[in-house]
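In: Generate a structure from the sequence data that follows.
(4 chains)
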Protein chains: 2
Amino acid sequence: MTSGPAPKKADASAATVGDVAARAGVSRATVSYTFTQPNRVSPDLRRRVLAAADELGYVGNDAARRLRVGHSLALGLLVSNMSNPVYAELAAGAEAEAAAHGRFILVANSDESPARERAYLNFFESQQVSGILAAPVGDVPAELLGLRERGTPFVLVGVAPGPHSYPAISGDNERGGHLAASHLLAQGRRRLIFIGGAHPHVDLRLAGVKRAVEESPEPPALEIIRTQVQTAKVGEAVARTLLRRRAAGFPDGIVAGNDLLALGLLHGLIVGGVRVPEDLSLVGYDDIEFADFAIVPLTTIRHPSATLGASAVRILLGLESEQDVEGRFEPELVVRATSLPVAGDRA
Amino acid sequence: MTSGPAPKKADASAATVGDVAARAGVSRATVSYTFTQPNRVSPDLRRRVLAAADELGYVGNDAARRLRVGHSLALGLLVSNMSNPVYAELAAGAEAEAAAHGRFILVANSDESPARERAYLNFFESQQVSGILAAPVGDVPAELLGLRERGTPFVLVGVAPGPHSYPAISGDNERGGHLAASHLLAQGRRRLIFIGGAHPHVDLRLAGVKRAVEESPEPPALEIIRTQVQTAKVGEAVARTLLRRRAAGFPDGIVAGNDLLALGLLHGLIVGGVRVPEDLSLVGYDDIEFADFAIVPLTTIRHPSATLGASAVRILLGLESEQDVEGRFEPELVVRATSLPVAGDRA
DNA sequence: TCAAGATCGTGAATCGATTCACGGGATTTC
DNA sequence: GAAATCCCGTGAATCGATTCACGATCTTGA
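Out: A predicted model of the protein is given here:
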């Protein structure tokens, strides 16, 4: 389609079907059919039309198309924070899959603000996206349900199928949490802390941690520290808090709600003189690229974000069902240097 | 689609200006004016219209609006790789500024592929974006120039104003490169390597490095290693290459084209037994968030990506000119642990 | 009190692509 | 050879918001 002749435009405004029709000597309807139902027009005319379109650099006006057919070729992706590599990866996966089907992704960055989340959902509606991938901060926004009633489907990503009955795909966060805590317990760690924010999927990770603790023959201590958001900055702040109360008892194992938090935590602890993993084992979540480059390479739970994004797109496009993609996102423990058995304490 | 001709419920499909007009007891024109030129309608009617719109959950059809006015409220952002925190930050900055003016950002991820770059520019055209922020991989694509001829302005971001005469904003990459190399030279490093990809802004960083070397009273050795892309993975590969030829001479100072590359490099070198910064000083570029959390915290050049994105948006919206934002993006040396003076070699 | 001007609501035209309904012409069937 | 069928191009209606041009009502000042 990208042939050599540079399209030169006579006038400054974009070419329309009318222009192409005039140049090819056919009606506007024929031009439209050439693009939407190529078999409807004879090979001869098809060639003429395509040639004319190419010469004029015809691009088509999606607004006009949408006005008529009622929906756009774009899919909306709503994430809380693009600076989190997890979402960047999710977006990349979705985007590649969409591109493979001639679709595009509109990315909206809510910055963890429900108000902006709503604003963006309205934007998606005004854009008539044909579907939405959403990783909402908290509850499913009412706007999303409204959109569905009006015919725009959505898939929740990274939010486990819970009490709600919305289409959703996600890694098994509960199982991942269980994996993380079991790993620490198997090393002989007995004073655990879970640190994380109030996100639906983080709650599941915590649930998994709790289950591992409860299943343990001699249940260890488990403390829970809640954070509003899960960024490296917050991780460092938590580390300082922890250091301040060091005398009063210190954990020997930490599960962090995500890798960003873990990275900040790790940095703060090491600056404060804590030896990792000797004094304390740390497990993150997500396995972002930078986990491997950390000051002490981070043990974490791998989470296939890109696959998640791609699968969500396939579901929205009707290529696969929720059942088809099940079991594609199993969490996996990646052991690196922040976790090591406690010396002399092994079973 | 296959449903019968039964009349749809009022709220089953999206409300239109007509619906709002009927409910408020005014004409469609009045409804439109209430939103586009609020002063044109009397306070009384304005209230009635807004109330009716609210009750119906009126969102407006941007396709219809665009078809009429000829351009969208969205701005297009073209980046090469959203997984690079620099671009994520750029996008976040642009996005926040756009949101402050009721605008939206369409993000396109070219994945360093010129073909996808072109496809996305066509998409932007079909979306009638009112402006484009572009960080092209190589040369300015012809499509971008075509778009400008047809009335869609663009601003290049992160690409320094060079021989071309396109509107562009960027940090002073040449100066940043100079800063990085000067820092190494001031420490007594004499065998430098610059590692980086064939991007316009990276070339400028290299030019700065070269200038620092030439200005040195006793010019040190400078080797240049070219990479296709600048990712952590590539950095690790380069580290392995370097280690293999260790006997034949090893650098004592490295300037990396960006932080991702530096991080991979750092990891690869340390795994290979190189002591950083004792054996070798390393300076990255960009100051991404993770530079501070690296296995050895990374010395780097700070680059205000978010500010860059925000400023580009302001220019596209006509709020500021290229001159106004000048000098807002000065590069800055951030010294961390990967660079330290050579012991016993200081001046 | 009346002319001149300002204010503000409305009908109708418009943007560009899609698609329905129609029909001329070629082909097939009995 | 006439009728039934198919192929394929076209005119015209349509989607929903915007905006021009008009006119009705109200204000103001001499």
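In: Contacts for stretch A:103-113 next, please.
Out: A:73-82, A:91, A:94-95, A:98, A:116-117, A:120, A:123-124, A:127, A:129-130, A:137, A:229, A:313, A:317, B:91-92, B:95-96, B:104-108, B:120, B:123 (C-beta atoms under 8 Å, 6 or more residues apart in numbering or on different chains). The C-beta positions use only the backbone N, C-alpha and C, and glycine is treated the same way.
In: again, only this time at 6 Å
Out: A:73-78, A:80, A:82, A:91, A:94-95, A:98, A:116-117, A:120, A:137, A:229, B:95, B:106-107, B:123 (C-beta atoms under 6 Å, 6 or more residues apart in numbering or on different chains).
In: in the stretch 201-347 of chain A, which spans are strands?
Out: A:221-227, A:253-256, A:281-283, A:300-302, A:332-334 (DSSP state E, counting those that start in this stretch).
In: from these, which stretch is densest packed?
Out: Compared across the strands of the stretch 201-347 of chain A, strand A:253-256 shows the largest average neighbour count, a mean of 30 (mean count of other C-beta atoms under 10 Å in any protein chain shown).
In: who does that strand pair up with?
Out: Each strand paired with strand A:253-256, and its direction, by DSSP bridges: strand A:191-197 (parallel), strand A:281-283 (parallel).
In: want to throw the ones you listed into JSON lines with mean pLDDT?
Out: Formatted as JSON lines, these follow (pLDDT from 0 to 100):
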{"stretch": "strand A:191-197", "mean pLDDT": "95"}
{"stretch": "strand A:281-283", "mean pLDDT": "98"}
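In: Which one, of those strands, ends up nearest to DNA strand D?
Out: strand A:191-197 (38.2 Å; C-beta to the nearest atom of the strand).
In: how far off strand A:221-227 does that closest one point, in degrees?
Out: 20 degrees (axes from the mean of the first three to the mean of the last three C-alpha atoms, to 10 degrees).
In: Would you mind pulling up the elements that the one helix or strand residue A:44 maps to packs against?
Out: Assessed by DSSP states H and E, residue A:44 sits inside helix A:43-56. Identification of packing neighbours for helix A:43-56 by 3 or more C-beta pairs under 6 Å, 6 or more residues apart in numbering or on different chains; DSSP states H and E yields helix A:17-24, helix A:28-36.
In: To DNA strand D, which of the ones you listed lies closest?
Out: Comparing those by C-beta to the nearest atom of the strand, helix A:28-36 comes nearest, at 3.4 Å.
In: Could you list every helix and strand in contact with the closest one?
Out: helix A:17-24, helix A:43-56.
In: So which bits of the last one are buried?
Out: Applying a neighbour-count criterion of 16 or more other C-beta atoms under 10 Å in any protein chain shown, one finds A:45-46, A:48-50, A:52-53, A:55-56 buried in helix A:43-56.
In: Over to stretch A:70-83?
Out: Applying 16+ other C-beta under 10 Å to stretch A:70-83 flags A:72-83 as buried.
In: Export the strands of the stretch 201-347 of chain A as TSV, with columns for distance to DNA strand C.
Out: Converted to TSV, those look like this (distance: least, C-beta to the nearest atom of the strand, whole Å):
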stretch	distance to DNA strand C
strand A:221-227	48
strand A:253-256	49
strand A:281-283	51
strand A:300-302	42
strand A:332-334	44
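In: Any idea which of those gets closest to residue B:68?
Out: Among the strands of the stretch 201-347 of chain A, the nearest to residue B:68 by C-beta to C-beta is strand A:221-227 (47.4 Å).
In: which strands and helices sit next to that closest one?
Out: Counting contacts by 3+ C-beta pairs under 6 Å, 6+ apart, strand A:221-227 is packed against strand A:191-197.
In: Out of the strands paired with strand A:253-256, which is the most enclosed?
Out: strand A:281-283 (a mean of 28).
In: Next one: the nearest residue to residue A:172 once chain neighbours are set aside from residue A:312, what distance?
Out: Distances taken as C-beta to C-beta, 6 or more residues apart in numbering or on different chains place residue A:331 nearest to residue A:172, at 5.9 Å, with adjacent residues excluded. Here residue A:331 is placed at a distance of 17 Å from residue A:312 (C-beta to C-beta, to the nearest Å).
In: Please say which of the two ends up with more neighbours.
Out: Neighbours were tallied for residue A:331 and for residue A:312 using other C-beta atoms under 10 Å in any protein chain shown; the higher tally belongs to residue A:312 (34 against 25).
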